[in-house]
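> based on what follows, work out the 3D shape:
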Amino acid sequence: MSKAIVEIKQVSKTYTRGKQKVEVLTALDLEVAKGDFLALMGPSGSGKTTLLNLIGGLDQPTAGQVLVDGQRIDNLGSSALAAWRARHVGFVFQFYNLMPMLTAQKNVELPLLLTNLSGAERAQRARIALTVVGLADRASHKPNELSGGQAQRVAIARALVADPTLLVCDEPTGDLDRRTADEILGLLQTLNREHGKTIIMVTHDPKAAEYATHQVHMDKGAVAIGEVP
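So this is what the prediction gives:
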């Protein structure tokens, strides 16, 4: 078994809505091995997106520890957490979150603006990332000139460009038709198998989950882990 790259230890998360407290995660434990492709599944309200946000450093737990590659991130301040995210996490969302006025090339370069790389180095890395996702010939196109599948490939290239520790994907095929979704999932599978990327993906789609190495089914803030054959 590979070393755990993500360790969730007795994590709870409670939100306050008015005078009411809503417990989303309760004393949750989970490990994700380096090089794994994990699908987080479960009904709406089960806590899977909350868990994904904790792993990606977009939120912090009410209690417990979140470790990524041996580093605790649950006790980092906001600026330190932002710097950590920039170095270690590539995000892929359902609706791409591309900047409409920028070309695919410039969208992919965006995470590198937080680094000390020169403009030429940023451009070279973006070109490599676009090549990896099969869109080198669309580098000069803006989002409205791309199909949904192409836009999601640009988003994946943007997530990859800084060579992150983790790829964190929230319903990455939720806005795509079946054929295009399968192409995107095949790309994620290739990034996992051939490039060794650790991927954690939230999905409602059982067919999407079949592309993963493991599935974690969540319900009411708890998990039941089952391995995909």
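
> let me know whether my guess that residue 192 is in a strand holds.
No. Using DSSP: H, G, I helix; E, B strand; the rest coil, the assignment for residue 192 is helix, not a strand.

> residue 61 versus that one, what's the distance?
Going from residue 192 to residue 61 by Cβ to Cβ, to the nearest Å gives 26 Å. (Glycine included, C-beta is placed from N, CA and C.)

> next: residue 75.
10 Å.

> so between those two, which is more surrounded?
residue 61 (22 against 11; other Cβ atoms under 10 Å).

> tell me which element the most centrally placed residue in the chain falls in.
The residue lying closest to the centre of the chain (Cα atoms, centre = their mean) is residue 168, at 1.1 Å. Taking DSSP states H and E as the criterion, residue 168 maps to strand 166-170.

> direction included, what does that strand pair against?
Sheet neighbours of strand 166-170, with direction, are listed as strand 89-92 (parallel), strand 198-202 (parallel) (DSSP bridges).

> make JSON lines out of those strands and add mean pLDDT and mean neighbour count.
Compiled in JSON lines, these are given as follows (pLDDT from 0 to 100; neighbours: other Cβ atoms under 10 Å):
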{"stretch": "strand 89-92", "mean pLDDT": "91", "mean neighbour count": "23"}
{"stretch": "strand 198-202", "mean pLDDT": "95", "mean neighbour count": "25"}
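
> closest to residue 147 out of those?
strand 89-92 (16.4 Å; Cβ to Cβ).

> so which elements touch the helix or strand following that closest one?
Following strand 89-92 in sequence order, the next helix or strand is helix 104-109 (DSSP H and E). Helix 104-109 makes packing contacts with helix 119-132, helix 148-160 when contacts are defined by 3 or more Cβ pairs under 8 Å, 6 or more residues apart in numbering; DSSP states H and E.

> alpha carbons of the first one, as PDB, please.
What follows is helix 119-132, C-alpha atoms only, in PDB (Å, rounded to 0.1, in the frame of the first residue of the first chain):
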ATOM      1  CA  GLY A 119       6.500  35.300 -18.600                       C
ATOM      2  CA  ALA A 120       8.300  33.000 -21.000                       C
ATOM      3  CA  GLU A 121       8.500  30.200 -18.400                       C
ATOM      4  CA  ARG A 122       4.800  30.500 -17.600                       C
ATOM      5  CA  ALA A 123       3.900  30.400 -21.300                       C
ATOM      6  CA  GLN A 124       6.000  27.200 -21.800                       C
ATOM      7  CA  ARG A 125       4.400  25.400 -18.900                       C
ATOM      8  CA  ALA A 126       1.000  26.400 -20.100                       C
ATOM      9  CA  ARG A 127       1.800  25.000 -23.500                       C
ATOM     10  CA  ILE A 128       3.000  21.700 -22.000                       C
ATOM     11  CA  ALA A 129      -0.200  21.400 -19.900                       C
ATOM     12  CA  LEU A 130      -2.400  22.100 -22.900                       C
ATOM     13  CA  THR A 131      -0.500  19.500 -24.800                       C
ATOM     14  CA  VAL A 132      -1.100  16.900 -22.000                       C
END
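
> residues near residue 164, how many?
Residue 164: 20 neighbours (other Cβ under 10 Å).

> equivalent analysis for residue 145, please.
12.

> also residue 39?
Neighbours of residue 39 using other Cβ under 10 Å come to 25.

> contacts for the host helix or strand of it, please.
Using DSSP H and E, residue 39 falls within strand 37-41. Strand 37-41 has contacts (Cβ atoms under 8 Å, 6 or more residues apart in numbering) with 32, 48, 51-52, 188-189, 192, 198-204, 206, 208-209, 211-218.
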